[in-house]
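Engineer: just to be clear, the model below is a prediction. Sequence and coordinates:
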Amino acid sequence: MFNKKALLVPLVCLLSSILGSLATSDKMVLISTKPVEAQTVCTPPLYQGYPSSCSNIYLRWLNRDPISLIDHYEIYRGGLQVGVVPGNAISFSENVGCSFGSAYTIKQVMKSGASCQTTTTGNPPHTAPCDICSGGGGPGTLNVVSAASFTAPAAPGSIATVFASAGKTLTSATAPALGLPLPTNISGTQVLLNGTPTGLFYVSPTQINFLLPDTAIGTINVTITGSNGETTEGAILTAPNPGIFTNNSTGSGVAAALVTADGRNYQRVADSSGNAIPISVGSSAQPNFLILYGTGLRTQGPVQARIGGRDCVVTYSGAHPTLEGVDQVNVRLNESLRGAGTVQVIVTVGGFVANFTEVNIGN
């Protein structure tokens, strides 16, 4: 039965320039956890803030009450209301400039009329964009993001992507890693983290995908040496930011995932064109499990999953046994989802919300 072990199976390339197919393994024991109990009172959202670029403030939060009970959020900057977003939102962004810093209040308003709020402190994760800027907006900063969600910051123990600044070249070579263990030099191209070469997945003049080890915590000095003598230097600040891979390799849309009931037979959740394929939730006697692949999940804390607004049991979460930087989450599909159609998949790790993805639930 699938409730004994988690099998990792071959999967189409999650990011065509980064990852190969996943190897089969039967060494992972499932970890069972209880679903989160639905709360009926207004619980202040958990704030998670970081910039999407040096000129933009990007607020993120985790709603700890059911989305169905939340009417909207009101966003205040320094006591002045600057925005309103719907109850199913988890983010707000505005262009504020690189020298900006201010406290924000995220006010959650329930359909009942009750409200509660969270005010940012300015401590990490900061509300001053350039304090942890990894969007390329200031001297000495690098545009480094999660290779799954393409948002900053990159998390320790994850696959990261660095993009070249406008008019700049990282290297003259274009080549992928050809196998494991990951090479630290591809065609003369290296990425050094605090002076130590790290594993590379793919290099090109405008983009390099590399491994951030579990020990890459806090401020990291990055030096990139190119195949033709190019040198790029800067610093990044790593922080929790779980990411789920998607079929279109953009960080949104249909999840790069599989469905199985027995750990031996698998169904894809998207066709060769990336369109969602309706999947079954199975039955109470033999439920189906959604197998998600991501990065930046393993070191951040307990993993929870919500699909179509319903809390689902996470039966396994952990690092892939052979692919460095890749994490796997197995979620038992709730029978109440049957026939729900296209629904959002929300994975939360240690209170930090991953990028939203989608699956199509059939009958």
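Structural biologist: Sure, I can see it. Numbering: from 1, shown residues only.
Engineer: ranges for the strands of the stretch 251-363 of the chain?
Structural biologist: Taking DSSP state E, counting those that start in this stretch as the criterion, the stretch 251-363 of the chain carries its strands at 257-260, 266-268, 289-295, 303-307, 310-312, 314-319, 327-332, 341-349, 352-353, 357-361.
Engineer: could you dump the fourth one to PDB, C-alpha only?
Structural biologist: This means strand 303-307. The C-alpha trace of strand 303-307 is given here as PDB (Å, rounded to 0.1, in the frame of the first residue of the first chain):
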ATOM      1  CA  VAL A 303       4.700  21.400   6.000                       C
ATOM      2  CA  GLN A 304       1.000  22.000   5.500                       C
ATOM      3  CA  ALA A 305      -1.200  21.900   2.300                       C
ATOM      4  CA  ARG A 306      -4.500  23.400   1.400                       C
ATOM      5  CA  ILE A 307      -6.100  22.400  -1.900                       C
END
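Engineer: can you put the strands of the stretch 251-363 of the chain in TSV and add mean pLDDT, mean neighbour count and distance to residue 250?
Structural biologist: Bear in mind the C-beta positions are built from the backbone N, C-alpha and C, glycine included. What follows is the strands of the stretch 251-363 of the chain, written out as TSV (pLDDT from 0 to 100; neighbours: other Cβ atoms under 10 Å; distance: least, Cβ to Cβ, whole Å):
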stretch	mean pLDDT	mean neighbour count	distance to residue 250
strand 257-260	94	23	15
strand 266-268	91	16	18
strand 289-295	95	27	14
strand 303-307	95	25	20
strand 310-312	93	19	24
strand 314-319	93	20	23
strand 327-332	96	25	19
strand 341-349	93	19	15
strand 352-353	82	21	18
strand 357-361	96	23	10
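Engineer: okay, which residue is most central for the protein?
Structural biologist: residue 243 (1.3 Å; Cα atoms, centre = their mean).
Engineer: what's the local residue count around the closest residue to it other than its chain neighbours?
Structural biologist: Using Cβ to Cβ, 6 or more residues apart in numbering and skipping the chain neighbours, the partner closest in space to residue 243 is residue 148 (3.0 Å). Around residue 148 there are 34 other residues, counting by other Cβ atoms under 10 Å.
Engineer: could you tell me the model confidence score at the residue nearest to the centre of the chain?
Structural biologist: Looking at residue 243, its pLDDT reads 93.
Engineer: cool, and residue 32?
Structural biologist: On pLDDT, residue 32 comes in at 30.
Engineer: ok, residue 164 next?
Structural biologist: 87.
Engineer: how near is it to residue 142?
Structural biologist: Plainly put, residue 164 is 10 Å away from residue 142 if you go by Cβ to Cβ, to the nearest Å.
Engineer: more crowded one of these two?
Structural biologist: Taking neighbours as other Cβ under 10 Å, residue 164 and residue 142 compare with residue 142 leading, 23 against 20.
Engineer: surely the more buried one touches residue 223?
Structural biologist: No - the pair residue 142 and residue 223 does not pass the contact test of Cβ atoms under 8 Å, sitting 10.1 Å apart.
Engineer: now list whatever residues contact both of these two.
Structural biologist: Counting by Cβ atoms under 8 Å, 6 or more residues apart in numbering, the contacts common to residue 142 and residue 223 are residue 232.
Engineer: picking up where we left off before, need the contact list for the residue nearest to residue 243.
Structural biologist: Residue 148 touches 14, 158-159, 243-246, 251, 294-296, 354-355, counting by Cβ under 8 Å, 6+ apart.
Engineer: between the strands of the stretch 251-363 of the chain, which one is closest to residue 87.
Structural biologist: strand 341-349 (13.1 Å; Cβ to Cβ).
Engineer: so what are the sheet partners of the closest one and their directions?
Structural biologist: Applying DSSP bridges, strand 341-349 is found paired with strand 303-307 (antiparallel), strand 352-353 (antiparallel), strand 357-361 (antiparallel).
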